[in-house]
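S.K.: This is a predicted model, with the sequence first.
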Amino acid sequence: MNHPRGPRAARGAAPRHDDRRRSFPQVAPRTAPDGRFASSWWGNAWVAALEATALDQARLARGKAYAGRGHVDAITVTPGRVVAYVHGSRPRPYRTEIRMRTLGDDGWERFLDEATARPDHIAALLDKDVPHALEAVTGLLPAPGDLVPDCTCPDDGWPCKHAAALCYQAARLLDEDPFVLFLMRGRGEQELLAELTRRNAARGAVEAAAAPPMPTVPARIAVGAATGAGLPPLPPELPVPDRPGRAPRAASGCAAPAPPRPPPGLPAGSARPRSARARPPGHGGRRPRPRLPRHRA
């Protein structure tokens, strides 16, 4: 059977998942009373890097207001880049992006080695948490000056209010999922999880092979057959009851049931079975047949 080839077959195939490209829908307006855009330590570190880079605090305040009112559209994250359209004073939104450097292979090797060295680090990553020790190994979070803004608006501020709004909304994404930060640095979530699983399995196999053998005891020695001690004696047998159907007192430890008590008003011992009660005189248990008078011929 000939399989279809060409553009038609490619059009019908399922789209391939790209682990190094994630798109997030428009983030809802910020409703926190304190005005903070992040609650995790890595999200606040991202905001601190932005605010330390800003040259104009007025533009930074306007960008925070844009982000708080939901002026940032859907956000797309790829290695080294965060892109979104941000609405300003004009009807047409501006294309805004934030660029940052990615980690090299040596940096990711140090990160993965440190993560697999301790099981609590892997558990924290699976729980959407970033230990401070992992961040300190390679410097995942941006330092002041690492974020490079770019926007199509005519404002030449560093950053402009649109880029500042995008940075504030990106902090909310990092707050919910730290793997977005790893993607910004160059690695996707499934790629990292697969590598962590492989390294953790290899480390466990090496530790199991290097561990000393555990002391064991043969089964025949455990039950005492080899030492001649034998098995423990069986418990004594129960006595055979003198009458079938009645439990022995020695075995049950309970006394025999007491005889039924007579009804109130009758002396003791007067209660007899219904079949053994005396019948009135002349009553033999069968009703007498009536006799018919005889007539003489």
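M.R.: Nice, thanks for sending it over.
S.K.: State the next helix or strand along the chain beyond the worst-scoring helix or strand of the chain on mean pLDDT.
M.R.: Lowest on mean pLDDT, DSSP states H and E among the helices and strands of the chain sits helix 7-12, with a mean of 48. Next helix or strand after helix 7-12 toward the C-terminus (DSSP states H and E): strand 22-24.
S.K.: just checking, what packs against the top helix by length along the chain?
M.R.: In the chain, with assignment by DSSP state H, the single longest helix is helix 189-210. Secondary-structure packing of helix 189-210 (3 or more Cβ pairs under 8 Å, 6 or more residues apart in numbering; DSSP states H and E): helix 105-117, helix 119-126, helix 179-184. All C-beta spots, glycine's among them, are computed from the backbone N, C-alpha and C.
S.K.: do you know how far H17 is from E135?
M.R.: 27 Å (Cβ to Cβ, to the nearest Å).
S.K.: what do you get for R101?
M.R.: Distance from R101 to E135, by Cβ to Cβ: 15 Å.
S.K.: Neighbour count for these two, which is higher?
M.R.: E135 (17 against 13; other Cβ atoms under 10 Å).
S.K.: that's a helix at that one, yeah?
M.R.: Yes. Per DSSP: H, G, I helix; E, B strand; the rest coil, E135 lies within a helix segment.
S.K.: I figured it hits A143, correct?
M.R.: No. Using Cβ atoms under 8 Å, E135 makes no contact with A143, being 11.6 Å away.
S.K.: Could you pull out the buried residues of stretch 132-142?
M.R.: 134-135, 138, 140-142 (16 or more other Cβ atoms under 10 Å).
S.K.: Low-confidence stretches in the stretch 101-250 of the chain?
M.R.: 211, 217-218, 220-233, 244-250 (pLDDT under 70).
S.K.: mind redoing it with 90?
M.R.: Low-confidence segments of the stretch 101-250 of the chain, defined by pLDDT under 90: 117-119, 132-146, 155-158, 175-176, 199-250.
S.K.: Return the residues in contact with S23.
M.R.: Listed by Cβ atoms under 8 Å, 6 or more residues apart in numbering, the contact set of S23 reads 74-77.
S.K.: Which of these sits closest to Q57?
M.R.: Of all the contacts of S23, Q57 sits closest to I75, with 24.2 Å by Cβ to Cβ.
S.K.: any idea which helix or strand comes after the host helix or strand of that closest one?
M.R.: Per DSSP H and E: I75 is located in strand 72-78. Tracing the chain past strand 72-78, the next element assigned as helix or strand by DSSP H and E is strand 81-86.
S.K.: Partner strands of that following strand and their direction?
M.R.: Sheet pairing here is set by DSSP bridges, and for strand 81-86 it gives strand 72-78 (antiparallel), strand 94-99 (antiparallel).
S.K.: what mean pLDDT does the last one have?
M.R.: Pointing back at strand 94-99 there. Averaging pLDDT along strand 94-99 gives 95.
S.K.: for it, which positions count as buried?
M.R.: Quick answer for strand 94-99 (16+ other Cβ under 10 Å): 94, 96-98.
S.K.: contacting residues around it?
M.R.: 80-88, 147-153, 160, 162-163, 165-167, 170.
S.K.: try 7 Å this time
M.R.: 80-86, 88, 147-153, 162-163, 166-167, 170 (Cβ atoms under 7 Å, 6 or more residues apart in numbering).
S.K.: And for the longest one?
M.R.: By Cβ under 7 Å, 6+ apart, the residues outside strand 72-78 that reach it are 20-27, 82-86, 93, 165-166, 169-170, 173, 180, 183-184.
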